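> next one to model:
(one chain, ligands or ions: 2)
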Amino acid sequence: MTVNNHEHWMEKAIQLARKGLYTTHPNPRVGCVLVKDEQIIGQGFHLKAGEGHAEVNALADAKQDATGATAYVTLEPCSHHGKTPPCADALIKAGVARVVYGMQDPNPDVSGRGLAKIKKAGIDVIGPVLEADCEALNPGFVKRMREGLPFIRVKLAMSLDGRTAMESGESQWITGPEARLDVQRLRAQSDAIVTGIGSVLMDNPSMTVRIDSDDQDADAKTVRQPLRVVMDTALSILPEAKILYPSNQACVFCVEDDLENEHLEALKKKGVTVRFSPRGEDGRLDLLDAMEQLADAGINEVLLETGSELAGGFLQAGLVDEIVVYMAPKLLGSSARPLFQLPLETIDEAVELELKSVSQIGQDLRLVYQPNYL
Ligand code: AOF
Ligand code: ZN
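Ligands and ions are numbered 1, 2, ... in the order given. I've put the predicted structure just below:
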């Protein structure tokens, strides 16, 4: 079989994996097709942690005996007993002749052991195939496993003159309804939404996901609400703030030596998780430490939805992996607030970005950038 055929079937497996876009957390999105005589005989994807992995679902779906089939799977089949038994064993038992994989599993419990087990059983192993596309399914899982940090995406809405809010901080409804729906999809695919106390005090947002169950992109029936996280050095958030409810999915980061104590007790009583981070070099909450704590808690993808100051702080800390900007056909004027607060003085200090994609969405432009950190 030619490489192109492998890519063709792997592309099908990738499409299946995308169905888990909103639901697999903290597990990766994975898809699998079983091919025999140039026909798909079974297909599956991972929907939810604790439930069947892609390979097991594909085997269960198989309309005929999978003996001699080729399994195309976007991620190396697992070799460990997690919440479910090893997929490598299931494929061996089913008698597949060949396994074509998209990328090695970066999970240290697996990382190469699944492929080794399959090879040892006398099954052909081919890969990686479409590795970059398979990695792109799981930027957060991959980053958490390799670096102990979540993948951090900053979402910003701005006017043509690069302003995100009026001088007063007033910022609602800069972009059109299509762009706002797109933001709902970004929220739904994120494990956590992070914001700052400034945005909470200004807008009292709820930051929940409101998405149609017939969304075309993924199985949206089981959309879960991401964890809502507030960066609040002095713990000045009011226990009634909307973002804290439901309280079992809310978390506030603060610095322990700076607390307003009655808030701590009130928040704990309401069931909100309060986490402590040390002070960074600039005297403010250490964002790197906070993000490491989130990764340890199984958070793969973070969506940062906040004002220009905290967004600037994340950028300067080298923590931003992707910037999604919605640009509205509006001018907000020269006294309005900029996209990021960055105290730069010379042109050499300019932050370089790489443009990844541009698309029109309603009347707005959607621009995706990756920072080029030195
Ligand atoms: C696969 N196929 O569809 C997925 C895999 O706790 P468990 O049993 O669900 O295992 C989770 C780990 O299994 C996860 O961290 C990742 O390494 C792997 N995910 N592997 O072969 C799948 N979702
Ligand atoms: Zn598995």
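> from here on, just use CA atoms for contacts and neighbour counts.
Fine.
> and the residue nearest to Ala121 when sequence neighbours are not counted, what helix or strand is that in?
If the residues on either side of it in the chain are set aside, Ala121 comes closest to Ile92, at 6.9 Å by C-alpha to C-alpha, 6 or more residues apart in numbering. In this structure, Ile92 is located in helix 87-94 according to DSSP states H and E.
> and that helix with ligand 1, contact?
Yes - Helix 87-94 lies within reach of ligand 1 by C-alpha under 6 Å from any ligand atom, at Cys87.
> how about that helix: buried residues?
Taking 16 or more other C-alpha atoms under 10 Å as the basis for neighbour counts, the residues of helix 87-94 that come out buried are Cys87, Ala88, Asp89, Ala90, Leu91, Ile92.
> so what touches that helix?
Residues outside helix 87-94 that contact it (C-alpha atoms under 8 Å, 6 or more residues apart in numbering) are 53, 55-56, 59, 66-67, 77-79, 114-115, 117-118, 121, 123.
> make a PyMOL selection of whichever of those turn out to be buried.
Buried residues within the contacts of helix 87-94, as defined by 16+ other C-alpha under 10 Å, are selected in PyMOL through the command that follows:
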select buried, resi 53+55+56+59+66+77+78+79+114+115+117+118+123
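> quick one on the thing from earlier: can you name the element that comes right after the helix holding Ile92?
Counting by DSSP H and E, the element after helix 87-94 in chain order, helix or strand, is strand 98-101.
> show me which of the contacts of helix 87-94 is closest to Arg337.
Proximity of these to Arg337, judged by C-alpha to C-alpha, is greatest for His53, which lies at 46.4 Å.
> contacts only, for the residue nearest the centre of the chain.
Note on the chain: the residue nearest the mean C-alpha position is Glu301, at 2.6 Å, using C-alpha atoms, centre = their mean. Glu301 makes contacts with Pro139, Gly140, Phe141, Pro150, Phe151, Ile152, Arg153, Gln189, Ser190, Asp191, Ala192, as judged by C-alpha under 8 Å, 6+ apart.
> format those residues as TSV; extra columns: neighbour count, distance to ligand 2 and pLDDT.
As requested, the contacts of Glu301 are arranged in TSV below (neighbours: other C-alpha atoms under 10 Å; distance: C-alpha to the ion, whole Å; pLDDT from 0 to 100):
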residue	neighbour count	distance to ligand 2	pLDDT
Pro139	17	19	98
Gly140	29	18	98
Phe141	28	15	98
Pro150	31	22	98
Phe151	25	23	98
Ile152	25	26	98
Arg153	25	28	98
Gln189	25	21	95
Ser190	28	22	97
Asp191	26	21	97
Ala192	25	24	98
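> residues of this protein that sit close to ligand 1?
27-28, 30, 46, 49-50, 53-54, 76-78, 81-84, 87, 105, 107.
> in helices only, show me the contacts of Glu301.
In helices, judged by DSSP state H, the following of those are found: Pro139, Gly140, Phe141.
> which parts of stretch 366-374 are buried?
Neighbour-count burial for stretch 366-374, with 16+ other C-alpha under 10 Å as criterion, is recorded at Arg366, Leu367, Val368, Tyr369, Gln370, Pro371.
> next one: stretch 243-254
By neighbour count with 16+ other C-alpha under 10 Å, stretch 243-254 contains the buried residues Ile243, Leu244, Tyr245, Pro246, Ser247, Gln249, Ala250, Cys251, Val252, Phe253, Cys254.
> and what of stretch 7-21?
7, 9-21.
> just the C-alphas of that stretch, formatted as CSV.
These are the backbone C-alpha positions of stretch 7-21, laid out as CSV (Å, rounded to 0.1, in the frame of the first residue of the first chain):
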residue,chain,number,x,y,z
GLU,A,7,-2.6,9.3,4.6
HIS,A,8,-6.1,8.8,3.2
TRP,A,9,-7.2,6.5,6.0
MET,A,10,-5.4,8.4,8.7
GLU,A,11,-7.3,11.5,7.5
LYS,A,12,-10.5,9.6,8.2
ALA,A,13,-9.2,8.7,11.7
ILE,A,14,-8.4,12.4,12.3
GLN,A,15,-11.9,13.4,11.3
LEU,A,16,-13.3,10.9,13.8
ALA,A,17,-11.0,12.1,16.6
ARG,A,18,-12.4,15.6,16.1
LYS,A,19,-15.8,14.4,17.3
GLY,A,20,-14.3,14.3,20.8
LEU,A,21,-13.2,17.9,20.6
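> what lies in contact with it?
29-33, 43-48, 72-74, 102, 129-130, 133-134, 137, 189, 217-219.
> and the buried residues of stretch 243-254 as JSON lines, adding distance to Ala297, secondary structure and pLDDT?
As requested, these are exported to JSON lines (distance: C-alpha to C-alpha, whole Å; DSSP: H, G, I helix; E, B strand; the rest coil; pLDDT from 0 to 100):
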{"residue": "Ile243", "distance to Ala297": "20", "secondary structure": "helix", "pLDDT": "97"}
{"residue": "Leu244", "distance to Ala297": "18", "secondary structure": "helix", "pLDDT": "96"}
{"residue": "Tyr245", "distance to Ala297": "19", "secondary structure": "coil", "pLDDT": "93"}
{"residue": "Pro246", "distance to Ala297": "18", "secondary structure": "coil", "pLDDT": "91"}
{"residue": "Ser247", "distance to Ala297": "17", "secondary structure": "helix", "pLDDT": "91"}
{"residue": "Gln249", "distance to Ala297": "13", "secondary structure": "helix", "pLDDT": "93"}
{"residue": "Ala250", "distance to Ala297": "13", "secondary structure": "strand", "pLDDT": "96"}
{"residue": "Cys251", "distance to Ala297": "12", "secondary structure": "strand", "pLDDT": "97"}
{"residue": "Val252", "distance to Ala297": "14", "secondary structure": "strand", "pLDDT": "97"}
{"residue": "Phe253", "distance to Ala297": "14", "secondary structure": "strand", "pLDDT": "97"}
{"residue": "Cys254", "distance to Ala297": "17", "secondary structure": "strand", "pLDDT": "95"}
